[in-house]
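Enquirer: Build me a model from this:
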Amino acid sequence: MKIALLTSQENVLFGYYLRAIQIEGVSIEGVIVDSTSLTKKDLEIHEERTGGLMPAIPFATLVNQGIPFWNVNSHNSEETLNLVRKHGIDVLVNAGTPRILKKPLFDALSFGVINCHPGLLPEFRGCTCVEWAIFLDEPIGNTVHLMSEGIDTGPILFREPLKFRKTDRYTDIRTKVYLANCALVARTLRMPWDHALTLADFKP
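Expert: A predicted model of the protein is given here:
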């Protein structure tokens with residue numbers, strides 16, 4: 001199973017995804033880097049949520065590790081499709097795409113695009129699911145799923161509720177969710193997949 005990552009150069013979480021995947025010993029064919037930059041607002045939101053506990057790992061320190069980095073204008077471009085076909089990529093991992101991915105990319109893959117959502121699907125969708133779960137006093141966690149054309153939709157592979165201390169602040173909770181998110185993606189990729197694997201083999 002050939003795996004590649006989707007990200008953008010300024011994505012704050014990409015370095016944490018890559019390190020978690022490397023710790024699990026998962027082989028990566030390459031990283032497809034979208035040209036879109038994060039906005040100042042995006043960076044401010046991350047800083048507000050983590051309180052500086054999870055600073056971005058400098059992109060330049062991640063590049064020279066023997067993994068190919070392929071720059072594209074958009075993850076929805078023909079250029080991306082050509083990279084997937086040329087390198088025989090079976091599964092892509094959302095490690096920071098700035099795009100709502102389109103059907104041609106899903107169709108080009110034998111398995112699909114894996115995403116880890118920082119919330120327990122299907123109950124909590126969207127970008128503020130941690131906050132809603134706290135407000136409603138509901139479980140907080142992550143969900144690995146296959147992406148589809150909808151937002152936070154697609155077949156669920158794993159759900160992982162998390163435990164927190166009563167003394168944890170909001171920034172502690174958000175940071176733990178993000179770090180657990182990266183670790184869950186890495187453990188998912190470590191599974192002994194082969195081309196005969198089906199969704200029935202995945203258990204929550």
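Enquirer: just checking, next helix/strand downstream of the helix or strand of the chain with the lowest mean pLDDT?
Expert: Lowest mean confidence among the helices and strands of the chain (mean pLDDT, DSSP states H and E): helix 60-63, at a mean of 89. Going down the chain from helix 60-63, the next helix or strand is strand 69-72, by DSSP states H and E.
Enquirer: Does anything pack onto that following strand? Which helices or strands?
Expert: Contacts defined by 3 or more CB pairs under 8 Å, 6 or more residues apart in numbering; DSSP states H and E place strand 69-72 against strand 30-34, helix 78-86. Yep, even glycine has a C-beta here, placed from its N, CA and C like the rest.
Enquirer: mind putting the ones you listed in CSV, mean neighbour count and mean pLDDT included?
Expert: Supplementary listing: these in CSV, determined by neighbours: other CB atoms under 10 Å; pLDDT from 0 to 100:
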stretch, mean neighbour count, mean pLDDT
strand 30-34, 22, 97
helix 78-86, 16, 97
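Enquirer: The least confident helix or strand of the chain: how far from the chain's middle?
Expert: 18 Å (CA atoms, centre = their mean, to the nearest Å).
Enquirer: what does stretch 79-92 give?
Expert: Distance, stretch centre to chain centre, for stretch 79-92: 18 Å (CA atoms, centre = their mean).
Enquirer: what's next to it, contact-wise?
Expert: Outside stretch 79-92, the residues within contact range by CB atoms under 8 Å, 6 or more residues apart in numbering are 1-6, 29-30, 32, 70, 72-74, 104-105, 108-114, 195.
Enquirer: just checking, what packs against the least confident helix or strand of the chain?
Expert: helix 14-23.
Enquirer: Give the other helices and strands that the helix it packs on contacts.
Expert: strand 3-8, helix 60-63, helix 170-189.
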